[in-house]
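Undergrad: Sequence first, then the predicted structure:
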Amino acid sequence: MVPVRRLRSVLVVAPALFLAYSAWAPLPALAVPSFARQTGMPCTACHTNFPTLTPFGRVFKLNGYVMRGGQRSGSWQDWLKDVQIAAMAQPSFTHTNKAQTENAAPHYDENDNFAVTQVSLFYGGQLFWKIGAFVQGTYDGVAREWAWDNADIRFADTTTLADRSLVYGITFNNNPTVQDLWNTTPTWGFPFTGSGLAPTPAAATLVQGGFGQQVFGFGTYAMWDDLIYGEASAYRTLGQNVQRSFGVDPAGEAEIDALAPYWRLALQHAWGSHYLEVGHYGLWASTYPGRDQSAGTDHTSDIGFDTEYQYFSPQHDVTILATWIREDDDWHASRQLGATDRGATVFNAFNLAASYLYDKTYGLTAGFFDINGRRDAALFPDSRTGSPDSYGEIIQLDYLPFNKAGGPSFWPYSSVKLSAQYTLYQQFDGAHSNVDGAGRHPSNNNTLYVEAWIVF
């Protein structure tokens, strides 16, 4: 849980919450452009401050990315509706409060680095019939490598159950939580982007990307009465040659023994201009550390709880996101192989973010994060203290010049987000001071990250 002494840091979120609530007044009540082209709707139909989804955006994803809209007139803009390819580029600048002791990455300096964080190509939209897809391939501008990225291919249909609507479907994907409808789970949670050229905490739970792009998953899901959502999925590690063919380096990864189950439950309700979701998700995995089967398996259980609140009006959009994950690890195999000092550990991750978007154009988000767990020098070799404990705040300002207009006239259904993100560390890898043994303080790792997020 979050220690009391750290809750003072949540006060950093208070200005955004105050701004959000002060905007409430009695008013009437898809991150890739190929979705907008297919539906004929503006980006604001599916997103607030993208990639945060609106209720309609969640319905679009739930129904398999296949919704279409509008009449075709034969113009070149209508031709674009059949182009399910989209692209994204993210040029950026990274500055840390104090230069790192060595280059941030090969080909980069110790500080003040310009980079193209990533360039991505997407297939987004209907494949055929009731089958749609979101498939991403990404060039990592820091590592200078191409690889497949998030992928979710799904079939969806509708029927009734107990005289209530039932949407059901099947998902094939390569990253637990990429298929999720809410922006609380790890794949689509805040911060949505960040620098690859700044120090970051050494630890994360397994569900926070530990299997991303290394696995193949299959699952079924259903939403009943636009109220109750449930999903059951299972994942298996892809072969090393398959991963290499997709640009993924399998070295050192944990291999799933048989299948790793993932589950999701959520309740949602909308009233007037308000929306609320509360949910639970989890992942359990038995794994061979480093694909070494000589010592048996480790066992990891991730249990998460989340909530999302949204308020919408013509000029004011508010989103509050919160998630807490507890991870229990049994290091039966890793301890025998010398990869851990302990036979078992407990690990917690908490994230809170409050976002306000004015006139669909100007955004402010304040976030708090807390990572804590038991010390283990072998498990966290990059931590001088052997502790994973880190906490701090994130403040982000956004400007979305084309969010309402849907892109300039020469290229409709495109968008740009200009962001300035500042991350503040109060504790870093278990230390409040002398993080690296040479006098570096957590605040020296505070990071200014400026980015242009261009999608077209």
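TA: Looks like it came in fine. Residues are numbered from 1 along each chain as shown.

Undergrad: Could I get the full set of strands for the stretch 101-250 of the chain?
TA: 113-128, 131-140, 145-161, 164-173, 215-224, 228-237 (DSSP state E, counting those that start in this stretch).

Undergrad: Got the phi and psi for Ala104?
TA: Note on Ala104: backbone dihedrals following degrees, to the nearest 10 are phi -60, psi -30.

Undergrad: coming back round to it: for my notes, please list the strands of the stretch 101-250 of the chain in CSV and give distance to Tyr399 and mean neighbour count for each entry.
TA: (C-beta placed from N, C-alpha, C; glycine too.) Output for those, formatted as CSV (distance: least, C-beta to C-beta, whole Å; neighbours: other C-beta atoms under 10 Å):
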stretch, distance to Tyr399, mean neighbour count
strand 113-128, 18, 19
strand 131-140, 24, 20
strand 145-161, 25, 17
strand 164-173, 32, 18
strand 215-224, 34, 19
strand 228-237, 33, 18
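
Undergrad: Let's have the ones you listed in CSV, adding distance to Tyr449 and mean pLDDT.
TA: CSV is the format used below for the strands of the stretch 101-250 of the chain (distance: least, C-beta to C-beta, whole Å; pLDDT from 0 to 100):
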stretch, distance to Tyr449, mean pLDDT
strand 113-128, 9, 91
strand 131-140, 16, 94
strand 145-161, 20, 96
strand 164-173, 28, 98
strand 215-224, 29, 97
strand 228-237, 31, 98
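
Undergrad: Ok, which of those comes nearest Ser415?
TA: For the strands of the stretch 101-250 of the chain, the distance to Ser415 is smallest for strand 113-128, at 13.3 Å, taking C-beta to C-beta.

Undergrad: which ones are touching the residue nearest to Asn97 when sequence neighbours are not counted?
TA: Nearest residue to Asn97, sequence neighbours excluded (C-beta to C-beta, 6 or more residues apart in numbering): Asn446, at 4.4 Å. Listed by C-beta atoms under 8 Å, 6 or more residues apart in numbering, the contact set of Asn446 reads 96-97, 422-425.

Undergrad: Buried only: go through these for me.
TA: The neighbour count (16 or more other C-beta atoms under 10 Å) marks 96, 423-425 as buried among the contacts of Asn446.

Undergrad: biggest separation within the residues you listed, which pair?
TA: Thr96 and Leu424 (11.6 Å).

Undergrad: rewinding a little: tell me which of the contacts of Asn446 is nearest to Leu337?
TA: Using C-beta to C-beta, Tyr425 comes nearest to Leu337 of the contacts of Asn446, at 31.7 Å.

Undergrad: can you list the contacts of Asn446 in CSV and add distance to Asn372?
TA: What follows is the contacts of Asn446, written out as CSV (distance: C-beta to C-beta, whole Å):
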residue, distance to Asn372
Thr96, 23
Asn97, 23
Tyr422, 23
Thr423, 18
Leu424, 17
Tyr425, 14
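
Undergrad: Among those residues, which lie within strands?
TA: Applying DSSP state E to these, the entries found in strands are 96, 422-425.

Undergrad: Of those, just say which sits nearest to Val450.
TA: Using C-beta to C-beta, Tyr422 is the member of these that sits closest to Val450, with 9.7 Å.

Undergrad: What count of nearby residues applies to the nearest residue to the closest one once chain neighbours are set aside?
TA: Counting by C-beta to C-beta, 6+ apart, Ile395 is the residue found nearest to Tyr422 once chain neighbours are left out, at 5.0 Å. As a burial measure, Ile395 scores 17 neighbours (other C-beta atoms under 10 Å).

Undergrad: Ile395 is in what secondary structure piece?
TA: strand 390-399 (DSSP states H and E).

Undergrad: Which other helices and strands does that strand contact?
TA: Applying 3 or more C-beta pairs under 8 Å, 6 or more residues apart in numbering; DSSP states H and E, we find strand 390-399 packed against strand 362-373, strand 415-427.

Undergrad: just how off-centre is it within its chain?
TA: Strand 390-399 sits 15 Å away from the centroid of its parent chain (C-alpha atoms, centre = their mean, to the nearest Å).

Undergrad: To Ala198, which of the helices and strands packed on strand 390-399 lies closest?
TA: Proximity to Ala198 (C-beta to C-beta) singles out strand 415-427 among those, at 7.7 Å.

Undergrad: Let me know the angle separating the next helix-or-strand element following the closest one from strand 390-399.
TA: Proceeding N to C from strand 415-427, the next assigned helix or strand is strand 447-455, under DSSP H and E. Put simply, strand 447-455 runs at 40 degrees to strand 390-399, going by axes from the mean of the first three to the mean of the last three C-alpha atoms, to 10 degrees.

Undergrad: elements contacting strand 447-455?
TA: Under the contact definition 3+ C-beta pairs under 8 Å, 6+ apart, strand 447-455 sits against strand 85-96, strand 415-427.

Undergrad: by contact count, what packs against the first one?
TA: Strand 85-96 makes packing contacts with helix 33-39, strand 113-128, strand 447-455 when contacts are defined by 3+ C-beta pairs under 8 Å, 6+ apart.

Undergrad: go on, the longest one?
TA: When contacts are defined as 3+ C-beta pairs under 8 Å, 6+ apart, strand 415-427 sits against strand 390-399, strand 447-455.

Undergrad: hey, C-alpha coordinates of it in PDB?
TA: Taking Å, rounded to 0.1, in the frame of the first residue of the first chain, the C-alpha atoms of strand 415-427 are listed here in PDB:
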ATOM      1  CA  SER A 415      -3.700  15.300 -35.500                       C
ATOM      2  CA  VAL A 416      -0.800  16.800 -33.600                       C
ATOM      3  CA  LYS A 417      -0.200  16.900 -29.800                       C
ATOM      4  CA  LEU A 418       2.600  19.200 -28.500                       C
ATOM      5  CA  SER A 419       3.600  18.200 -24.900                       C
ATOM      6  CA  ALA A 420       5.900  19.400 -22.200                       C
ATOM      7  CA  GLN A 421       6.200  16.700 -19.500                       C
ATOM      8  CA  TYR A 422       8.100  17.100 -16.200                       C
ATOM      9  CA  THR A 423       8.900  14.100 -13.900                       C
ATOM     10  CA  LEU A 424       9.900  14.700 -10.300                       C
ATOM     11  CA  TYR A 425      11.500  12.000  -8.200                       C
ATOM     12  CA  GLN A 426      11.200  12.100  -4.400                       C
ATOM     13  CA  GLN A 427      12.800   8.600  -4.000                       C
END
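
Undergrad: quick one: strands adjacent to it?
TA: strand 390-399 (antiparallel), strand 447-455 (antiparallel) (DSSP bridges).

Undergrad: same deal with the first one?
TA: Taking DSSP bridges as the criterion, strand 85-96 sits next to strand 113-128 (antiparallel), strand 447-455 (antiparallel) in its sheet.

Undergrad: Could I get those in JSON lines, plus columns for distance to Lys404?
TA: Listed next are these as JSON lines, based on distance: least, C-beta to C-beta, whole Å:
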{"stretch": "strand 113-128", "distance to Lys404": "21"}
{"stretch": "strand 447-455", "distance to Lys404": "15"}
